[in-house]
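*Asks:* Provided below for reference: sequence and predicted model.
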Amino acid sequence: MISSRARLFLALGALALAAVPASGDRFWMQFLGKAMIGGIFAMSLDLLVGFAGLVSLAHAAFFGLGAYLLAGLSNRYQLAQMALTLPICMAGAAAGALIIGWLSLRAAGVYFIMVTLAFTQMLYYFLNDAPWFGGSDGLYVALRPLSNPIAAYYAIWIALVAVFAFLLLLLRSPFGRVLIGIRGNEQRMRSLGFPTRQYLLAAFVLAGSLAGLAGYLDANLYGFVNPALFGWRESGLVLMTVLLGGKGTLHGPALGALLLALLQQQGERLTEHWTAIIGAVVIAVVLFLPRGVAGLLEARRA
Amino acid sequence: MTLSLFALQLLNGIEVGLLLFLVASGLTLVFGVLGVLNFAHGSFYMLGAYLAWWLAERTGGLIWAVLLGVPVMLALGWAVERFAISRLYRRDHLSQVLLTYGLVLLFNELQRTLFGNDVHGVPAPRALDWTVSLGEMQTWGAYRIFTSIACLCIAIGMRQIILGTRFGMRVRAGASNGEMLEALGVDVRRLFSVLFSIGTALAALAGMLAAPLTTVFPGMGESVLVVSFVVVVIGGIGSIKGAFAGAMLVGIADTFGKVLLPSISSAIVYAVMAAVLIFRPQGLFGEAQAR
Amino acid sequence: MSASLSRRSLLALAAGSLAAPRARAAAGAKLKIGLLLPFSGTYAALGVNIADAMKLAAREHGGKLGGREIEWVQVDDESDPAKAPGNVNRLVVGEKVDILTGPVHSGVAMAMMQIVRQEKTLTIVTNAGAQAVTGTLCAPNVFRTSFSNWQVSYPCAEVMLKAGHKKAILMFWNYSFGQESMAAFKEGYSKGGGSIVKEIAVPFPNTEFQANLSEIASLKPDAVFVFFAGAGAAKFVKDYADAGLKGKIPLYGSGFLTEGVLGAAGPAAEGIKTTLHYAETLDNPANKKFREAFKKATARDADVYAVAGWDTIQALAQALDKVKGDTGAQKELIAALESVRLDSPRGAFRFSKAHNPVQDIYLRQVKGGQQVVLGVAQKGAEDPAAGCNLGK
């Protein structure tokens, strides 16, 4: 799936990221930390979009759930230990994914897209309107599991590498092959005796819990959560990341996250009309670069 | 709740639903025949409203604005189909979602540069600038009633065209089996262009009619878009009849939700959608899809 | 005991090391002012007016504050709290701005507070009215030149009671701005013996009010007090008139109900009474001069948002002159800001101990498409600053 040169390139990139804290530049640590969180988030969505063939607009909801659960545990129960909060937050995101996934997977294709979008909106409004979660102002994370910026950075780095390795192994497992088979032809897989809906639901829950991990790390990095994390723009943005990087490649979406972060930072500096630039880039990628940046790199090499 | 208040709220709900139908019908038409999920549909609604304001300021009235604005939006729809959407017909849903999402960003920018960021009001036509009293306290603006009737007329007109004309027959054929159209010798490309233009114009027209009621503001398209999705999902994708039923259901549920369960009113619509999906995953009038 | 002590000293050490880069004083170097404002999206018009007024004020001072030339660093916050921490981080840690200003959206302000409290960046909030900014989260390095949500709603309660309206319905957008406005109003209203018939929360940014208006018509209160702003306000005002309630049930609101939307709302807005710390018709020389200059520079009419931007630079000019532009001397600069007295377009202006403006709140009424000042609803209104220990 990945050429040996690409592997070398990825390994070097990961090492370079690991070396950043040595520079002592806090801005780049935060910036790259955020970009790596975006990478984890995008890779988890790639499991659905690129491998299972499910275009979900609910992914921001699970990111948000992971982040809000940490805020809640920390504020209400003064819980911060990572060994305790991380599993709870990921499990909470997984539970949310189970409910939304179970309902949404009753619908197929384009219905699925719209239904996932609608459920995300529902959660967004709930958190925004209900007074007991901080409402539209959001919440602070009173006690952060990793308040030291260097520790937080390395936690993100480790999570990025671990999620990448985990997904790589998963996709090579029989489970992963069935998923890819379903993307190719769900009908056939079902007639071969695979309970395809259960497989897809399992993938949805798994991806949701990894998105929860990304949200958890985000809440830890910034110490702030807000209903906007659930917004449909966030879901759209992460889909964009997956496509920009190259869906179905795993490393592509991670690259896409970094690229998009840089593009946004530079674009905003250049012009006030940078949203138009992002829009144009998206359209151009869809039309002329359907395999994303990762596809471009592979083609160059071939 | 007294009976008269109940009747009044029902009327409120129907009025909300009728306008919603106008937006959702274009969305469902385009999806049903072209198979494209268009996130930029809300942008057309927003552009329609801004155009109505801009033209009304210059021509002296909403009626002129609609007469001039609808052709402009038809042309815009045609151009968008030609240069962007037509490249998507053989592509997956992800490409469709993202390309049209990119269009949303572009159209937002277009609105910013062309029309600015201010909130604008559009006066209702002078002939409709009076009110009807309902109950002892409340009145209804005549324009509000006019829009409801206009929406109803458009709904009936669409039904007549789709069921009773040659063009409508092609649309129905396209919605159920795209390949058959080509076999019948229909110029599919042109049919698609025309349909997308009409879908665009319907959204824009909804925006224009709504402009005096809702005022015109940046970001107005996005909230409409998501509710339209809910309507279309409830009604069944591709079904005009479904869009009508869905719009009514959403309009009425939303109205009564606000009065009876104010604390969770914004979630009510989605709960209705979830309930429909549990019992009829393909929507009220949709055809069953695989899985 | 020793464990807790060492932990505390470690914390202090960490805080010290974080604050260290701030100590970089630089007379002669450019003064970096960060603007974290929405230049796109629903609040773009507000952000643009604040920024334009700030730049206009700076030009009046020859482009210099405290003898240092200004370098603006602008970031479009899109009113998106999800992106806010990254944006603030970019201005504060990346660009190392000397002074941070903004934002419009309270959610963005909350994200900003989290970071600037840690980094000790001198910050001036130019719009967001969240109580916490100068309340539970108040900090020596954070000032506000706009208003607190309490200030623009609390005085209206007394106005309504004085007019004999004892039974009111409250209607508001259900987000923090609306919720805090209502809490402040209720505090004043029940203190004065008024009773609230019903509270109607409308999900933000929903603008479909018809169902609730039917409800109001059936309940027949003495008056209605609302919080809406921008497009929602224009729509509400029109719907209220269309529903035939205008003229039958008096409509009151915090000033944002009629701010910047009179053109959109048209004649439907006539007669509405609101409370706010500014009105375009305020008759004082500072206001006259400000409005003329703003109109000349931008071809637009100034509004309450522009006033906050204008005053931000005026306050900074006074304070920076006192410390000769040395932003590194933060303690002195803060003291200088605390003693600022402005002859603002809104009237007399100074900072409270919690660093929120102490200002007159005017009762205004829409007449002939303008906000006419009927009088002062509360003289020198000072936010109660609940939860703030500054200066105490």
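*Replies:* Cool, the structure landed.

*Asks:* residues in contact with stretch B:50-70?
*Replies:* Stretch B:50-70 is contacted from outside by B:48, B:72-73, B:111, B:114-115, B:120, B:122-126, B:201, B:204-205, B:207-209, B:211-212, B:216, using C-beta atoms under 8 Å, 6 or more residues apart in numbering or on different chains. Placement of C-beta: from N, CA and C, glycine included.

*Asks:* so of these, which ones are in strands?
*Replies:* Among those, no member falls in strands (DSSP state E).

*Asks:* Now the buried members of those.
*Replies:* Among those, those classed as buried by 16 or more other C-beta atoms under 10 Å in any protein chain shown are B:48, B:73, B:111, B:115, B:120, B:122-125, B:201, B:204-205, B:207-209, B:211-212, B:216.

*Asks:* Among these, which ones lie close to chain C?
*Replies:* Among these, the ones lying near chain C by C-beta under 8 Å from any C-beta of the partner chain are B:H120, B:P123, B:V216.

*Asks:* Which of these sits closest to A:F133?
*Replies:* Using C-beta to C-beta, B:V216 comes nearest to A:F133 of these, at 32.8 Å.

*Asks:* overlap between the ones next to chain C among the buried ones among the contacts of stretch B:50-70 and the residues near chain A?
*Replies:* Among these, proximity to chain A is found for none (C-beta under 8 Å from any C-beta).

*Asks:* Closest one of those to chain A?
*Replies:* Using C-beta to the nearest C-beta, B:V216 comes nearest to chain A of those, at 19.7 Å.

*Asks:* Contacts only, for the residue lying closest to B:R159 once chain neighbours are set aside.
*Replies:* Leaving out its chain neighbours, the residue that sits closest to B:R159 by C-beta to C-beta, 6 or more residues apart in numbering or on different chains is B:I240, at 6.9 Å. B:I240 makes contacts with B:S25, B:T28, B:L29, B:M158, B:R159, B:I162, as judged by C-beta under 8 Å, 6+ apart.

*Asks:* Buried among the residues you listed? Make that a ChimeraX selection.
*Replies:* Of these, the buried ones go into a single ChimeraX selection, burial set by 16+ other C-beta under 10 Å:
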select /B:25,28,29,158,162
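
*Asks:* how about CSV for the contacts of B:I240, with secondary structure added?
*Replies:* CSV is the format used below for the contacts of B:I240 (DSSP: H, G, I helix; E, B strand; the rest coil):
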residue, secondary structure
B:S25, helix
B:T28, helix
B:L29, helix
B:M158, helix
B:R159, helix
B:I162, helix
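
*Asks:* Dump the contacts of B:I240 to JSON lines, plus pLDDT.
*Replies:* Shown next, in JSON lines, are those (pLDDT from 0 to 100):
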{"residue": "B:S25", "pLDDT": "93"}
{"residue": "B:T28", "pLDDT": "90"}
{"residue": "B:L29", "pLDDT": "89"}
{"residue": "B:M158", "pLDDT": "91"}
{"residue": "B:R159", "pLDDT": "89"}
{"residue": "B:I162", "pLDDT": "88"}
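
*Asks:* Among the contacts of B:I240, which pair sits farthest apart?
*Replies:* B:T28 and B:R159 (13.3 Å).

*Asks:* Tell me how far the residue in chain A positioned nearest to chain B lies from B:Y101.
*Replies:* Using C-beta to the nearest C-beta, the single residue of chain A nearest to chain B is A:G279, 3.0 Å away. When distance is defined by C-beta to C-beta, to the nearest Å, A:G279 is 8 Å away from B:Y101.

*Asks:* next one: C:G66
*Replies:* 46 Å.

*Asks:* Give me the helix or strand of the chain that scores worst on average pLDDT.
*Replies:* Unless you meant another one, I'm taking chain A. Across the helices and strands of chain A, mean confidence by mean pLDDT, DSSP states H and E is lowest for helix A:292-301: a mean of 76.

*Asks:* Tell me who's in contact with A:L69.
*Replies:* A:T85, A:I88, A:C89, A:G92, A:A93, A:G212, A:Y216.
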